[in-house]
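# Let me see the structure of the following:
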Amino acid sequence: MQHALLFSVFVVASCGLAYELIAAAQASYLLGDSVTQFSTVIGAYLFAMGIGSWLSRYVEEPLIARFIQVELLVGLLGGFSAVALFFVFAWAPAPFKLALYLAVLAVGVLVGLEIPLIMRILKSDLVFADLVSRVLTFDYLGALAVSILFPLVLVPQLGLLRSGLLFGLLNVGVALWTCGLFRTQLAAYRSLRAQGLAALAALLIAFAGAGALTAFGEAHLYSDEIVHAESTPYQRIVVTRWKDDLRLHLNNNLQFSSRDEYRYHEALVHPGLATLPHARHALVLGGGDGLAVREILKYPQIESVTLVDLDPAMTRLFASAPALRRLNQDALLSPKVKIVNADALQWLEENDQLFDFVVVDFPDPANFALGKLYTAAFYRLLDKHLAGDALAVIQATSPLYARRSFWCVVTTLESVGLVSTPYHALVPSFGEWGFVLAGRRPYRLPEAYPVDTRFLTPSGTPALFVFPKDMARVEAEVNRLNSQVLVRYFEAEWRQVIR
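Numbers count the residues shown, from 1 in each chain. Got it, this is the predicted structure:
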């Protein structure tokens, strides 16, 4: 029985860390800014565990029955917390943060009770030094196991909701196992066993129906029909459709609408590439949807396009789904295109190829993981990959809604010696959107566009480079890797927009 309880420590430690990771990951998916969400959720969770450990002194005999009850509560509350939080966000986003931290505190307090109770149960069988060393060894081993499995197996294969329910099942399994081991010592054995079986049944039903639960919740989260949804180690990908309008959402943030994406991607690619008749080799960083690649391939002189996107699920989806292939005109299947699934910063560090035209099409700098791709360190690496009078173009968020963020990108590019030319275009799905051309020479407007365009015209292009008073340049710091001031600018400005 001693060994069985020690193995239970391994399981409950795994479950405890899993609930913590699931809550933090869910908050970062739905609210953005993963560093803040993980930091505050983990801090609150550890604080709650401390409260639980302190409260354990007041738990009275029979300890084994109390331990079983705690495990059942942890299993139910922890297992269903991700499901409940998802539905709170889908139906009433305003109280989501309150619900998140209440759930974190409640689960944390219960998890904090577990180890002290096990130690009290085992204290008669082991001397104190041996008891502490064994319990903590299994506790840390359980934490190590789940920290490895969570990003590599659980989230990619099960998703957050099913992962939470799985660990809930493990907690209930520990309760039932303990109930069986100590059945001769439990006066309320039948009652506890019945409670455990009921909890097990509820979690099993929810686990089996997790896909339907997710679809039901997302149907309320997105107003349009969901035609594709999947969780990857990097993000939640959702594609919706309303009539002929396809929309891509990453972590609940709209990335494009097929009705006006051509405005964005034409503005992103053609003002730069149309001035480079000698361009033969292009690089696209981000842009796993292939829409920027589609625009680049319109130029017959382009011999190769290297697309570097972190998430293989994105490039696989947009190279296989018929509706999305039609949208990008099979750009990702072109023999001219080489797809690399890697972190862009690491890829630039490890690769020495030069390019005539570079498109930097990352998501907005909503967190530090993305913010590093807008730093002076990143742009120095980018500069090393520009051949001769090559140009790079960077999507740089909205100069209207995130004015200081936009000019921070310009300032950061200039800080590494690149000649930067900012411009903007109206994309109805997003409003005014900003871009920056960067190279080693002053930019000159194209006299004509040698390819077909739906939005851009030579006569209308100069207006894109004129900034009205409410978008004019403002002072901004350089975005450096160790400070990432851009992320703070971005959060503050978009928070005002959302309000």
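# going forward, measure contacts and count neighbours with C-alpha atoms only.
OK.
# for the residue nearest the centre of the chain, what are its contacts?
Nearest to the geometric centre of the chain sits residue 235, at 4.1 Å (CA atoms, centre = their mean). Applying CA atoms under 8 Å, 6 or more residues apart in numbering to residue 235 gives the contacts 29, 250, 251.
# Please tell me how far the residue sitting furthest away from the middle of the chain sits from residue 65.
Distance from the C-alpha centroid of the chain peaks at residue 184, with 48.7 Å (CA atoms, centre = their mean). Using CA to CA, to the nearest Å, residue 184 is found at 12 Å from residue 65.
# May I have the beta-bridge partners of residue 249?
With DSSP bridges applied, residue 249 shows beta-bridge pairing to residue 238, residue 254.
# show me what contacts it?
Applying CA under 8 Å, 6+ apart, the residues contacting residue 249 are 236, 237, 238, 239, 240, 255, 256.
# Excluding residues flanking it in the chain, which one is nearest residue 432?
residue 426 (4.4 Å; CA to CA, 6 or more residues apart in numbering).
# Give me the three-state assignment for that neighbour.
Recorded secondary structure, residue 426: strand (DSSP: H, G, I helix; E, B strand; the rest coil).
# list the contacts for it?
263, 432, 433.
# ok so, going back, which member of the contacts of residue 249 is positioned nearest residue 348?
Among the contacts of residue 249, residue 255 lies closest to residue 348 (CA to CA), at 24.3 Å.
# How many residues are close by that closest one?
17 (other CA atoms under 10 Å).
# Next: residue 43.
Neighbour number of residue 43 under other CA under 10 Å is 14.
# Could you list the buried residues of the host helix or strand of it?
Per DSSP states H and E, residue 43 falls inside helix 34-55. Buried positions in helix 34-55, judged by neighbour count with 16 or more other CA atoms under 10 Å: 34, 36-38, 41-42, 44-53.
# With stretch 53-68 instead?
Buried, per 16+ other CA under 10 Å, within stretch 53-68: 53, 56, 64, 65, 66, 67, 68.
# for stretch 468-484, same thing?
Applying 16+ other CA under 10 Å to stretch 468-484 flags 471, 473, 476, 477, 478, 479, 480, 481, 484 as buried.
# ends of it, how far apart?
Note: stretch 468-484 ends 27 Å apart using CA to CA.
# that older thread, show me which of the contacts of residue 235 is closest to residue 313.
residue 250 (11.9 Å).
# Who's the closest spatial neighbour of that closest one, skipping the chain neighbours?
Leaving aside its sequence neighbours, residue 250 sits nearest to residue 237 (CA to CA, 6+ apart; 5.0 Å).
# need the contact list for the one you found.
228, 229, 230, 231, 248, 249, 250, 251, 314.
# picking that back up, of the contacts of residue 249, just say which sits nearest to residue 273.
residue 256 (21.7 Å).
# isn't that closest one right up against residue 247?
Yes: applying CA atoms under 8 Å, one finds residue 256 in contact with residue 247, separated by 5.6 Å.
# Just the buried residues from the contacts of residue 237, in PyMOL please.
In PyMOL, this line selects whichever of those come out buried by 16+ other CA under 10 Å:
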select buried, resi 229+231+248+249+250+251+314
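# Residue 91: which of the contacts of residue 237 is nearest?
residue 251 (16.6 Å).
# Now render the contacts of residue 235 as CSV, adding pLDDT and distance to residue 306.
Shown next, in CSV, are the contacts of residue 235 (pLDDT from 0 to 100; distance: CA to CA, whole Å):
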residue, pLDDT, distance to residue 306
29, 73, 28
250, 89, 22
251, 81, 25
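# Just the ones of the buried residues of stretch 53-68 in helices?
Among those, the ones falling in helices (DSSP state H) are 53, 64, 65, 66, 67, 68.
# which one is the fourth one nearest to, not counting chain neighbours?
Ranked by CA to CA, 6+ apart and with sequence neighbours excluded, the top spatial neighbour of residue 66 is residue 59, at 7.5 Å.
# Check what pLDDT that neighbour gets.
With respect to pLDDT, residue 59 scores 90.
# Quick check: the gap between it and residue 356.
From residue 59 to residue 356 the distance is 70 Å (CA to CA).
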